[in-house]
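Enquirer: Pasting the sequence and the predicted model now:
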Amino acid sequence: MRVLIVDDEPSIRRTTRIAVESSGHTAFEAPNAAKAIKAAEDEGFDAIFLDLKLGADDGLEVLGRLMKLRPAPAVILFTAYANIATAVEAMRRGAFDFIPKPFTPDQIRSVLAKVGKTHTLVRRVEALESDLASGAPPVDLESDEPLMLRALQIAFRAAETPANILILGLSGTGKSVIAREIHKRSARRNEAFVTVNCPSLSRELLESELFGHAKGSFTGAYAETSGKVAAADGGTLFLDEIGEMPLEIQPKLLRLLQEREYERVGEVVPRRADVRVIAATNRDLAMEVKAGRFREDLFYRLNVIAVTLPGLRERPADLLRLAEGARGYFAARAGKSHIVFSKGVTDAFANYPWPGNLRELCNVIERAVILAPGDTIEVSDLPEEISGTSVPGFSIGARVTLEQLEGEHIRRILASSRNLDEAAHTLGIDPATLYRKRVKLGLH
């Protein structure tokens with residue numbers, strides 16, 4: 001953590017700094033209230049040790065200003081004028097803890113450990129809230145298919161080790177779900193699980209997202225940020241669609257894997273982080289290496305344990321159980337707990353190739369639950385490409401125009417993709433082109 005020590009006595013700052021740094025944290029000093037507030041506003045800190053008497057300044061007043069920062073740091077007051085009334089007032093104003101002078105190094109280390117545990121709990125709550133907000137059905141880790149059973153066996157055996165894991169599979173096969181489950185079964189289960197979606201940002205923003213940046217390191221960097229690597233320290237860093245990571249960033253990730261070191265954008269000071277990396281991709285990384293788009297040394301570092309998830313079309317024995325699980329989840333959310341599938345719907349599901357895999361299955365069922373007028377989901381409640389009510393014969397070699405074939409293909413890819421960028425990547429065109437085609441097809 002980044003820790004600021006605010007005291008007008010140099011000996012106190014020095015003693016506290018030694019205790020902070022001996023715990024593996026980075027310490028900064030401020031001799032007065034003005035410098036402390038400026039440093040906190042400009043740079044941000046995880047914890048601040050604040051003297052209650054700073055010359056003419058009142059530590060409680062400074063505390064009030066620090067508590068207005070976002071995110072607010074954990075402020076620990078220490079003072080030679082300790083009494084119960086002051087402690088109660090400090091806590092009422094938001095202080096994290098209260099240490100009387102003289103203090104011991106162990107007291108400093110103990111309160112920092114409490115701050116660290118609190119940060120971990122906050123991250124876990126945020127992760128749980130994110131899971132709840134995702135609108136996804138509960139994880140189903142059963143299977144009657146040998147390919148899926150083998151993938152789960154490899155993943156969960158490797159979960160108990162510190163090895164890096166590479167999860168391979170088409171979009172929508174549940175790579176992020178398996179990554180989170182690996183984390184839950186690992187020795188790091190009580191630490192943070194942090195996700196970075198590699199295709200979602202430009203090279204510059206992705207580097208900052210990963211490693212953090214110093215204030216003023218680029219246009220718009222008005223304050224320093226810690227980055228996802230720092231947030232995942234002690235836990236798991238999940239790099240989703242790592243095949244999309246720009247070549248310029250790959251050596252920095254390799255350094256993190258090899259040396260546990262990294263640098264923030266705009267800094268030259270190395271920082272350390274203990275993270276377990278799980279990466280996922282729908283690309284063939286071996287082919288990406290041959291094409292010069294992915295570093296060979298990074299590939300081997302990531303590919304210690306490879307888990308290949310089969311597509312939904314390769315899991316026919318699991319299809320109806322997964323569909324029923326999704327139906328139960330979305331029906332409960334919609335207040336239609338008695339709704340069921342008709343025989344025609346289950347037959348349509350079995351005959352459809354599911355190019356969007358589990359994600360498409362969930363989207364289709366959520367839509368059907370919402371649109372079904374009664375207690376039975378009928379074929380007419382399904383999208384045209386599944387119900388068979390779209391223009392027939394849309395297949396390679398069918399007697400349709402190229403324009404018709406392209407339009408139907410774009411519709412299906414959009415339906416099974418998370419966003420426009422993913423659909424454009426699948427189609428092999430840039431997002432701007434796809435946007436124009438989508439408008440032309442009336443899909444806006």
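Expert: That came through fine. Numbers count the residues shown, from 1 in each chain.
Enquirer: how is the protein carved up into domains?
Expert: Following automatic domain parsing, the chain resolves into domains at 2-114, 146-310, 314-388, 390-444.
Enquirer: closest one to residue 137 among those?
Expert: domain 314-388 (3.8 Å; Cβ to Cβ). Bear in mind the C-beta positions are built from the backbone N, C-alpha and C, glycine included.
Enquirer: What is the burial count for residue 91?
Expert: 13 (other Cβ atoms under 10 Å).
Enquirer: who touches it in this structure?
Expert: residue 98 (Cβ atoms under 8 Å, 6 or more residues apart in numbering).
Enquirer: repeat that with 6 Å
Expert: For residue 91, the contact set (Cβ atoms under 6 Å, 6 or more residues apart in numbering) is empty.
Enquirer: Any buried residues in whichever strand or helix holds residue 63, and which?
Expert: If you go by DSSP states H and E, residue 63 is part of helix 59-66. Of the residues in helix 59-66, 59, 60, 62, 63, 66 count as buried by neighbour count, 16 or more other Cβ atoms under 10 Å.
Enquirer: re earlier: could I get the domains of the chain as TSV with mean pLDDT and distance to residue 120?
Expert: Formatted as TSV, these follow (pLDDT from 0 to 100; distance: least, Cβ to Cβ, whole Å):
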stretch	mean pLDDT	distance to residue 120
domain 2-114	84	11
domain 146-310	90	6
domain 314-388	92	29
domain 390-444	74	29
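Enquirer: export those to a markdown table and tack on distance to residue 137?
Expert: A markdown table is the format used below for these (distance: least, Cβ to Cβ, whole Å):
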| stretch | distance to residue 137 |
| --- | --- |
| domain 2-114 | 32 |
| domain 146-310 | 10 |
| domain 314-388 | 4 |
| domain 390-444 | 16 |
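Enquirer: returning to what we had before: residues in contact with the helix holding residue 63: which ones?
Expert: By Cβ under 6 Å, 6+ apart, helix 59-66 touches 33, 37, 40, 50, 51, 52, 75, 93.
Enquirer: Could you write me a PyMOL select line covering just the buried ones among these?
Expert: The PyMOL selection below is limited to those of those classed as buried (16+ other Cβ under 10 Å):
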select buried, resi 33+37+40+50+51+52+75
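Enquirer: Closest to residue 117 out of the contacts of helix 59-66?
Expert: Out of the contacts of helix 59-66, the member with the shortest distance to residue 117 (by Cβ to Cβ) is residue 75, at 16.6 Å.
Enquirer: Is it correct that the closest one is in contact with residue 95?
Expert: Yes - here residue 75 reaches residue 95: they are 5.3 Å apart, a contact under Cβ atoms under 6 Å.
Enquirer: who's in contact with the nearest residue to residue 96 once chain neighbours are set aside?
Expert: Distances taken as Cβ to Cβ, 6 or more residues apart in numbering put residue 74 closest to residue 96, at 3.9 Å, once the chain neighbours are dropped. Contacts for residue 74 (Cβ under 6 Å, 6+ apart) come out as 47, 96, 115.
Enquirer: if you set the cut-off to 10 Å instead, what comes out?
Expert: 1, 3, 45-49, 66, 94-97, 111-112, 114-116, 118-119 (Cβ atoms under 10 Å, 6 or more residues apart in numbering).
Enquirer: Residue 55 too?
Expert: Contacts of residue 55 (Cβ under 10 Å, 6+ apart): 8, 31, 32, 33.
Enquirer: Quick test: name the residue nearest the centre of this protein.
Expert: residue 195 (2.1 Å; Cα atoms, centre = their mean).
Enquirer: Please report the distance of residue 153 from residue 144.
Expert: Distance, residue 153 to residue 144, using Cβ to Cβ, to the nearest Å: 14 Å.
Enquirer: now residue 363
Expert: Look at residue 363 and residue 144: by Cβ to Cβ, they are 23 Å apart.
Enquirer: among the contacts of residue 55, who's most crowded?
Expert: residue 33 (22 neighbours).
Enquirer: nearest spatial neighbour of it, skipping sequence neighbours?
Expert: Distances taken as Cβ to Cβ, 6+ apart place residue 57 nearest to residue 33, at 3.9 Å, with adjacent residues excluded.
Enquirer: again, but for residue 425
Expert: Closest to residue 425 by Cβ to Cβ, 6+ apart is residue 199, at 7.2 Å.
Enquirer: how about the one you found, secondary structure?
Expert: Using DSSP: H, G, I helix; E, B strand; the rest coil, the structure places residue 199 in helix.
Enquirer: Now do the same contact list for it.
Expert: 206, 240, 241, 242, 243, 244, 245, 418, 419, 421, 422, 425.
Enquirer: Which residues are in contact with each of residue 75 and residue 95?
Expert: Common neighbours of residue 75 and residue 95 (criterion: Cβ under 10 Å, 6+ apart): 48, 50, 59, 63, 66, 67.
Enquirer: got JSON lines for those residues, with distance to residue 183 too?
Expert: JSON lines is the format used below for those (distance: Cβ to Cβ, whole Å):
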{"residue": "48", "distance to residue 183": "31"}
{"residue": "50", "distance to residue 183": "35"}
{"residue": "59", "distance to residue 183": "40"}
{"residue": "63", "distance to residue 183": "36"}
{"residue": "66", "distance to residue 183": "33"}
{"residue": "67", "distance to residue 183": "33"}
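Enquirer: Identify, from those, the entry nearest to residue 345.
Expert: For those, the residue nearest residue 345 by Cβ to Cβ is residue 67; the value is 55.4 Å.
Enquirer: Tell me how far that closest one lies from residue 48.
Expert: Residue 67 sits 10 Å away from residue 48, going by Cβ to Cβ.
Enquirer: Residue 204 now?
Expert: 31 Å.
Enquirer: These two: which is more packed in?
Expert: residue 48 (27 against 17).
Enquirer: what are the pairing partners of the helix or strand harbouring the more buried one, and which direction each?
Expert: Element membership for residue 48, per DSSP H and E: strand 47-51. Strand pairing for strand 47-51, using DSSP bridges, gives strand 2-6 (parallel), strand 74-79 (parallel).
Enquirer: want to throw those into CSV with distance to residue 433?
Expert: Output for the strands paired with strand 47-51, formatted as CSV (distance: least, Cβ to Cβ, whole Å):
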stretch, distance to residue 433
strand 2-6, 44
strand 74-79, 49
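Enquirer: For residue 89, find the nearest of the ones you listed.
Expert: Short answer: strand 74-79, nearest of those by Cβ to Cβ, at 9.9 Å.
Enquirer: Distance from the chain centre to the closest one, please.
Expert: 32 Å (Cα atoms, centre = their mean, to the nearest Å).
Enquirer: Quick check: what element follows it along the chain?
Expert: helix 84-92.
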